[in-house]
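> Generate a structure from the sequence data that follows.
(chains A and B)
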Amino acid sequence: MILIQEVSKVNNNRQQTIIRISVVSAVVTALVLIASFAWYIHNRVGMVRVEAIVVPADARVTYEHGAIRDGVNYIRPGVHTVSIEREGFDSREYAITVTPTTTTITPTTQPVDDVGEQYLRDNPDENVRYETAGAEQLRIASDRLLEQYPNIPDLPHRHFGLASVYRVSYGGSNADGVPILVIENSSTEGRRDALKWLANNGYDINQIIIVYEDYTSPLVVDRGDE
Amino acid sequence: MTYNYRIRTILIATGVLAIVIIALLTWFYITTNTERSQQIVEITLDGVSRAELVDVSTGEVTQSLDSTGPMVLRYTTPRYEIRYSGSDGFSDGVTREFTPYQPVTEIRAAYDQPRLEQLHDQELSAIQAVIRQYAPNLSELYEPPTGALYERGDWFASILEYRGDALTDRDDVVIILHKQDDQWSIVSDPPQPSAVIVESAEIEVPLSVRSSINQHLLE
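Purely as a prediction, here's the structure:
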């Protein structure tokens, strides 16, 4: 009888220990889950998922809120100052704009001495990455331009009238992404009509760069001692 | 109350507590991050009595400002503009459209029309002298420039009407001058058939000047 009671007591103790361990495990698991969830939210909510193509891949890239690594990053929208540095490469700082639609950024830098040149010779894959980053920069610039000026793909526009002739073509864009439109093969009346055509076809003639390719000013300019 | 019952209660309480904490954390982080996803910009008002931040897509005024101070730009609003009333002697106006990513930070109201006209009368002879010196044959080819002053009387623009007898390049052109350190100088060099952005220029012609003069050309 005593033996049975002892065995029962030992079983009860073991059961209580197991339950105690289970409770502690549950609480610890809950705390770990809470901490992980908090960390996940802290790094994701209000952030934009941005793929960074860093060239060279092991360059150190930072911005106001921390490091940017090659690959996926979560960055707060806004204008940020990014700096990139690596031994043998040009250290530079520049501004990037991250919007909710930004998918890629391309922090790149070029070699400035023999160390950098040698690194590129030893790592030919980096040249492929330069090309990828370049193509991506071009795509980003092109998307931005088309978003602001959706009519640009319709150029060139030619006009052959009795009263006027002109041709409007796209001549690229400047460093700020402002498009350059070239008015060419034009007469005096043609240039006037080209300006009206642009204004009537969705172009803000005050905020694009217009080049009058074949207009020569008849003014004789006195430039003094220049 | 049995031991097992107590344990079950503790487990349920832990679960409920975990859910409550997660909910609170979610709320806290979402609200703080919403605040972080806006930008507070210090706007300097110069010659402006009152400014209103307008959401361009809805036309809704999102904030007003009576003096230099902060404006809150939300990243969820794609485009803003600021409409403003000029102080005494300054004109009302509206800024160009801008985004929270490239915000306007200074509003410098232009002088009002009577003040600009008064200055124009005072400055015209000096301006015409600079133009004559710049291109001695200008008076043979174009009507004399009269034009108008813009901004704070420091910009002058005029459409030069062609009156020469050439068969080509007979365009009316736009001449623009800027006054700096009390000296007028030609900015549109050479004058072009419209007010254009000149990439190589040291100073950019203000948008207000370009749009006003180009509007005349399109009429």
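> so who does the spatially most central residue of chain A touch?
The residue lying closest to the centre of chain A (C-alpha atoms, centre = their mean) is A:I105, at 3.3 Å. Counting by C-beta atoms under 8 Å, 6 or more residues apart in numbering or on different chains, A:I105 makes contact with A:V50, A:E51, A:A52, A:I53, A:I68, A:I75, A:V82, A:I96, A:V98. All C-beta atoms are positioned from the backbone trio N, CA, C, and that covers glycine.
> next one: phi and psi at it?
Note on A:I105: backbone dihedrals following degrees, to the nearest 10 are phi -130, psi 150.
> what do you get for B:V187?
Dihedral angles (degrees, to the nearest 10) for B:V187: phi -100, psi -40.
> hey, which helix or strand in chain B has the poorest pLDDT?
Ranking every helix and strand in chain B by mean pLDDT, DSSP states H and E puts helix B:3-36 at the bottom, with a mean of 75.
> what helices or strands is that one leaning on?
Using 3 or more C-beta pairs under 8 Å, 6 or more residues apart in numbering or on different chains; DSSP states H and E, the elements in contact with helix B:3-36 are helix A:2-44.
> Tell me the first helix or strand C-terminal of the helix it packs on.
Sequence-wise, the next helix or strand downstream of helix A:2-44 (DSSP states H and E) is strand A:48-52.
> The helix or strand just after that next one packs against which elements?
Moving toward the C-terminus from strand A:48-52, the next helix or strand (DSSP H and E) is strand A:60-63. Under the contact definition 3+ C-beta pairs under 8 Å, 6+ apart, strand A:60-63 sits against strand A:66-68, strand A:78-85.
> Please list the residues outside strand A:60-63 that contact it.
Contact partners of strand A:60-63, identified using C-beta under 8 Å, 6+ apart, comprise A:52, A:54, A:67-69, A:75, A:80-86, A:96, A:107.
> Quick check: the residue of chain A nearest chain B.
Of all residues in chain A, A:G46 sits closest to chain B, at 3.1 Å by C-beta to the nearest C-beta.
> Tell me how many other residues surround that residue.
20 (other C-beta atoms under 10 Å in any protein chain shown).
> Same check on B:V205?
Using other C-beta under 10 Å, B:V205 has 22 neighbouring residues.
> before we move on, what about B:V104?
19.
> quick one: it and chain A, what's the gap?
13 Å (C-beta to the nearest C-beta, to the nearest Å).
> Which of the three states applies to residue 169?
Just so you know, I chose chain A. Counting by DSSP: H, G, I helix; E, B strand; the rest coil, the backbone at A:S169 sits in strand.
> buried residues in stretch B:60-78?
By 16 or more other C-beta atoms under 10 Å in any protein chain shown, the buried positions in stretch B:60-78 come out as B:Q63, B:L65, B:M71, B:L73, B:Y75, B:T77.
> pLDDT on it, on average?
The pLDDT scores in stretch B:60-78 average 88.
> Same check on stretch A:29-39?
Averaged across stretch A:29-39, the pLDDT comes to 81.
> at contact distance from chain A, anything in stretch B:71-81?
Yes: residues of stretch B:71-81 are located near chain A by C-beta under 8 Å from any C-beta of the partner chain, namely B:Y75.
> Can you report phi and psi for A:E136?
Main-chain torsions, A:E136, degrees, to the nearest 10: phi -70, psi -40.
> count of residues packed around it?
A:E136 has 17 neighbours, counted by other C-beta under 10 Å.
> Need the residues that contact stretch B:106-122.
Applying C-beta under 8 Å, 6+ apart, the contact partners of stretch B:106-122 are B:43-48, B:51, B:82, B:84, B:86-87, B:89-93, B:95, B:148-153, B:208.
> swap in stretch B:43-60?
B:61-71, B:73, B:77-87, B:89-90, B:97, B:104-111.
> one more time with 6 Å, if that's ok
Contacts of stretch B:43-60 with the rest of the structure, by C-beta atoms under 6 Å, 6 or more residues apart in numbering or on different chains, involve B:61-66, B:68, B:71, B:77, B:79-87, B:90, B:97, B:106-109.
> Next, the distance between the ends of it.
19 Å (C-alpha to C-alpha, to the nearest Å).
> related to what we said a few turns ago, now intersect the contacts of stretch B:106-122 with the strands, please.
Secondary structure from DSSP state E places B:43-46, B:48, B:51, B:82, B:84, B:86, B:93, B:148-150 of those in strands.
> Show me which pair in those is furthest apart.
Greatest spatial distance among the ones in strands among the contacts of stretch B:106-122 (C-beta to C-beta): B:I43 and B:A148, at 28.1 Å.
> who's more crowded, the two?
In terms of neighbours (other C-beta under 10 Å), B:I43 is the more surrounded of B:I43 and B:A148; the figures are 23 against 16.
> beta partners for the more buried one?
For B:I43, the beta-bridge partners are B:G69 (DSSP bridges).
> same question, the one 10 residues further on
B:L53 forms beta bridges with B:Q63, B:I82, as assigned by DSSP bridges.
> What degree of burial does it show, as a neighbour count?
22.
> In terms of pLDDT, where does it sit?
94.
> swap in A:S25?
So A:S25 comes in at 83 (pLDDT).
> Next one: it relative to A:I19, how far apart?
10 Å (C-beta to C-beta, to the nearest Å).
> neighbour-wise, which of the two wins?
A:I19 (17 against 10).
> in chain B, which ranges drop under the pLDDT threshold?
B:1-3, B:29-37 (pLDDT under 70).
> and which of the contacts of A:I105 is nearest B:A129?
Using C-beta to C-beta, A:I96 is the member of the contacts of A:I105 that lies nearest B:A129, at 48.0 Å.
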